[in-house]
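# sequence isn't available, so here's the structure alone:
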């Protein structure tokens, strides 16, 4: 019974055979009654799949689905060797193989070689080319069960591979690399907000070139790497000011060369001086007018004359 634990179940093997062919060999069209696996161990063949014809070279494999018309013609001067297995299999996972052409990968090689070697121990060759092999009368104990186990394992490996997502196009791969580089750079920035970094130091730490770093930031954030680093430093400085640190303490803690330089950078980024931003965040009243301004306002106030004594 099929379930999530056993999604593929081979029910029977009506035919299987590994065949060596001569150059210019072929066999006429025939209709499959079950699924048929075709694997080319060496050489090249042309395989008919209903109305289409495909070339299969060494290492290639495909599946004929039930009811499909197939035929074969050898191609080239190298005598090909093929493996054909007819099998009944239930499970929606078989839909992944409809119309698919695959090439053997190392993980699948063991089962394919085992099946090719064992097929002729189970079946005698067909009396005519392209005919159905004949099951032998006497088989070793458990031979058919072993064959089915190896075939099921091969189908599981192939089904996993067919389920893999397609390799993204070059543009998508480039965007992913750039996003990863930007995220790594911002993480490095966050660890070094109290220091003045140089672009070469950043590239060395991230293992990239300067053009790669700048291109990634311009493409993803529309600013340079150093502009992003400066913005992150200002944001961190604003947090320190909001917690009550004085502008001088923030400038010293973050490694700015002077308080005046820090004030200039902060005001350019936020529109406020560090002192004004600190008062705003803490809800303090605006600073009173300086003494000079206060003196000017007082000088405008009329002063009463003191009467002179006679």
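In hand now; what should we look at? All values reported here derive from a predicted model rather than from experimental measurement.

# in this protein, which spans are strands?
Counting by DSSP state E, one finds strands in the chain at the ranges 9-20, 26-31, 35-42, 44-49, 52-57, 60-64, 69-75, 81-90, 101-103, 123-124, 134-135.

# would you convert these into TSV that also reports mean pLDDT?
Output for the strands of the chain, formatted as TSV (pLDDT from 0 to 100):
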stretch	mean pLDDT
strand 9-20	94
strand 26-31	91
strand 35-42	95
strand 44-49	94
strand 52-57	91
strand 60-64	94
strand 69-75	93
strand 81-90	93
strand 101-103	90
strand 123-124	94
strand 134-135	92
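
# tell me which of these sits nearest to residue 158.
strand 101-103 (6.4 Å; CB to CB). C-beta here means a position set from N, CA and C on the backbone, and glycine is covered the same way.

# show me what that closest one is packed against.
The contact analysis (3 or more CB pairs under 8 Å, 6 or more residues apart in numbering; DSSP states H and E) places strand 101-103 against strand 60-64, helix 143-163.

# please repeat the previous calculation with a cut-off of 10 Å.
Using 3 or more CB pairs under 10 Å, 6 or more residues apart in numbering; DSSP states H and E, the elements in contact with strand 101-103 are strand 52-57, strand 60-64, helix 143-163.

# just want the angle from the last one to strand 35-42.
It refers to helix 143-163. Orientation of helix 143-163 against strand 35-42 (axes from the mean of the first three to the mean of the last three CA atoms, to 10 degrees) gives an angle of 80 degrees.

# and residue 82, how many neighbours?
Using other CB atoms under 10 Å, the number of residues around residue 82 comes to 22.

# again with residue 32
Neighbour count for residue 32, taken as other CB under 10 Å: 15.

# looks like it contacts residue 71 (just checking).
No. Residue 32 lies out of contact with residue 71 (CB atoms under 10 Å); the separation is 11.1 Å.

# ok, and for stretch 21-31, which residues are buried?
Neighbour-count burial for stretch 21-31, counted by 16 or more other CB atoms under 10 Å, picks out 21, 25, 27, 30.

# list the beta-bridge partners for the third one.
I take that to be residue 27. Under the criterion DSSP bridges, residue 27 forms beta bridges with residue 72.

# quick one, what contacts it?
By CB atoms under 10 Å, 6 or more residues apart in numbering, residue 27 lies in contact with 19, 21, 70-73, 126, 128-131.
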